[in-house]
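1. sharing a model prediction with you, sequence too.
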Amino acid sequence: MTNPLKDNYLVRSAWCLGVAATVACGGRSRAGAPPAPQPTLAIPVTNIAGQRVMVLPTTLALASDSLPWHEALSDRRATLTRADSVLGALLNDRAPEVNWVLPPELRRNAELSAGMVGDPGQFPTATLRYEELEEIPGPLQAQLRNLAAVSRARYGIVPAALLWLPTDTAAAMRAVVRGSGVGTAELTLVIVDTRLSRIGFWTVARGAGDDPWTALAQAVKAALPGLP
């Protein structure tokens, strides 16, 4: 069984080897300081062009207490829904060669599944935010496989974690953040192969802005580069 995402396993491995001299992949620097942030990897759009790809709902979205965005993000459900909307709109606009199956359609598919599939917004997809994972964790495997079956899609892109943090002005951070502003959105994006239960792509996209949604949009654009 072929895996169109197989080249991205090599991309991830090559990146880890490339930084090993200064920062252990996923670990800390020799001096004990936090590792320098890694550049965002571009979503491998050409590998999934022409295919139906599920876009899972966001389930984890948190902002730092030091940001002045608490009122804007106070309604958790509204925050998750808007995050899904921003991601879905930019995927459609910037990668129209992929047939993205967005969260509203996934939920409709689940509702029509006669109880075979639960609410995708309740899946434990936040477990995929850990870079060291290579396989989809146990119960999530079956949930994604069933959802893929009723959605007629083999692959899914998962916004595994969305964090808003104060923008770091250090040179290392500026080099990997798109845009500028008081806050930085860090969006962990994962592509899963539901047939093989494998993780084929993993990256953290970062974007800055003066409000949470501008920062998020910049982060998504960083993962879909080459366009305005």
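-> Nice, I can see it. Numbering: from 1, shown residues only.
2. now the end-to-end length of stretch 125-140.
-> 7 Å (C-alpha to C-alpha, to the nearest Å).
3. likewise for stretch 51-67?
-> Where stretch 51-67 begins and where it ends lie 39 Å apart, using C-alpha to C-alpha.
4. how far off centre is stretch 78-94?
-> Using C-alpha atoms, centre = their mean, to the nearest Å, the mean C-alpha position of stretch 78-94 is found 12 Å from that of the whole chain.
5. now do stretch 132-152
-> Counting by C-alpha atoms, centre = their mean, stretch 132-152 comes out at 16 Å from the chain centroid.
6. ditto for stretch 99-115
-> With C-alpha atoms, centre = their mean, you get 19 Å for stretch 99-115.
7. and the residue nearest the centre of this protein?
-> Note on the chain: the residue nearest the mean C-alpha position is residue 189, at 1.7 Å, using C-alpha atoms, centre = their mean.
8. now for the helix or strand hosting that residue, which elements pack on it?
-> Per DSSP states H and E: residue 189 is located in strand 183-193. Identification of packing neighbours for strand 183-193 by 3 or more C-beta pairs under 8 Å, 6 or more residues apart in numbering; DSSP states H and E yields strand 155-166, strand 198-209, helix 212-223. C-beta: built from backbone N, CA, C; applies to glycine.
9. export the second one to CSV, keeping only CA atoms.
-> Going back to what we said before, that points to strand 198-209. Only the C-alpha atoms of strand 198-209 are listed here, as CSV (Å, rounded to 0.1, in the frame of the first residue of the first chain):
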residue,chain,number,x,y,z
ARG,A,198,0.4,6.9,10.5
ILE,A,199,1.3,10.5,10.9
GLY,A,200,2.8,11.7,7.6
PHE,A,201,3.4,15.3,8.4
TRP,A,202,3.9,17.5,11.5
THR,A,203,4.8,21.1,11.8
VAL,A,204,4.1,24.2,14.0
ALA,A,205,3.1,27.2,12.0
ARG,A,206,3.6,30.6,13.5
GLY,A,207,2.1,34.0,12.7
ALA,A,208,2.0,37.3,14.5
GLY,A,209,-0.7,40.0,14.7
